[in-house]
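>>> Model the following, please.
(2 chains)
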Amino acid sequence: DTAVSQTPKYLVTQMGNDKSIKCEQNLGHDTMYWYKQDSKKFLKIMFSYNNKELIINETVPNRFSPKSPDKAHLNLHINSLELGDSAVYFCASSKGQGTTNTEAFFGQGTRLTVV
Amino acid sequence: DAKTTQPTSMDCAEGRAANLPCNHSTISGNEYVYWYRQIHSQGPQYIIHGLKNNETNEMASLIITEDRKSSTLILPHATLRDTAVYYCIVRVYGQNFVFGPGTRLSVLP
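Numbering: from 1, shown residues only, chains lettered A, B, ... in the order given. Alright, predicted model coming up:
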């Protein structure tokens, strides 16, 4: 069973469109994250959610919005896509505080290409 | 910003031990050292983590110096499939995982 799954794996879309990337985890974790990896291969945190509350929002354009319908899902919505949004987006999850096993597990990524 | 420094790249012969160093001189007492790797463009994969004691699992060993200002990840018998970018991260429980540029390990036949 896939622990953290993202859909779609590849997404090609035109500038100005609105798109969503879905993420689901079946690990029972209560914290989920979105990371962006650009062409220079740097992994940057975008959002993290703990118990359906946004706890950190880095300097990400407000065109990006995370939506968490429940603890197992954290979807990423992107409005008015721009060329610079082209990147690989990774979802991850981890347990919260108070445990020893708090490593994060990552999905396989969604490669977004804006043309 | 990442609180660790790692060499940009390293080579290792197949079958030999790969020793990947990491400096974290400003680590605080409640920060753990985590290691992840990313093979090609796959999602980062957890390897191991520790606080101050050395740790070992089926993938690797983690050696943390007594002053906790540096650590070494050891892959005891590197294979070609261990070629990847290795990330050393220091983190307090509940904080984000902040990735630096990592070390690109090339295992050579």
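
>>> Quick one: residues contacting the nearest residue to residue B:99 once chain neighbours are set aside.
Distances taken as Cβ to Cβ, 6 or more residues apart in numbering or on different chains put residue A:43 closest to residue B:99, at 3.9 Å, once the chain neighbours are dropped. C-beta: built from backbone N, CA, C; applies to glycine. Contacts for residue A:43 (Cβ atoms under 8 Å, 6 or more residues apart in numbering or on different chains) come out as A:35-37, A:90, B:38, B:44, B:87, B:99.

>>> Going by distance to residue A:103, which of these wins?
Residue A:103 lies nearest to residue B:44 out of those, by Cβ to Cβ, at 10.3 Å.

>>> And for that closest one, the neighbour number?
Residue B:44 is flanked by 27 other residues according to other Cβ atoms under 10 Å in any protein chain shown.

>>> Then the one 4 residues further on?
Residue B:48: 19 surrounding residues under other Cβ under 10 Å.

>>> Is it in a helix, a strand, or coil?
strand (DSSP: H, G, I helix; E, B strand; the rest coil).

>>> In chain B, what residue spans correspond to strands?
B:9-13, B:18-23, B:32-38, B:45-50, B:55-56, B:61-64, B:70-75, B:84-91, B:103-108 (DSSP state E).

>>> Quick one, which of those gets closest to residue A:49.
Of all the strands of chain B, strand B:84-91 comes closest under Cβ to Cβ, at 17.2 Å.

>>> got the angle between that closest one and strand B:18-23?
Using axes from the mean of the first three to the mean of the last three Cα atoms, to 10 degrees, the inter-axis angle of strand B:84-91 relative to strand B:18-23 is 40 degrees.

>>> Strand B:84-91 and chain A in contact?
Yes: counting by Cβ under 8 Å from any Cβ of the partner chain, contacts between strand B:84-91 and chain A involve B:85, B:87.

>>> in its sheet, what does that strand sit against?
When sheet partners are counted by DSSP bridges, strand B:84-91 sits next to strand B:32-38 (antiparallel), strand B:103-108 (antiparallel).

>>> check whether stretch A:68-83 contacts chain B.
No: using Cβ under 8 Å from any Cβ, we find that stretch A:68-83 stays clear of chain B, coming within 13.8 Å at best.

>>> before we move on, the earlier item: in JSON lines, list the strands of chain B along with mean pLDDT.
As requested, these are exported to JSON lines (pLDDT from 0 to 100):
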{"stretch": "strand B:9-13", "mean pLDDT": "97"}
{"stretch": "strand B:18-23", "mean pLDDT": "98"}
{"stretch": "strand B:32-38", "mean pLDDT": "96"}
{"stretch": "strand B:45-50", "mean pLDDT": "95"}
{"stretch": "strand B:55-56", "mean pLDDT": "96"}
{"stretch": "strand B:61-64", "mean pLDDT": "97"}
{"stretch": "strand B:70-75", "mean pLDDT": "97"}
{"stretch": "strand B:84-91", "mean pLDDT": "95"}
{"stretch": "strand B:103-108", "mean pLDDT": "97"}
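
>>> With that, I have no additional questions.
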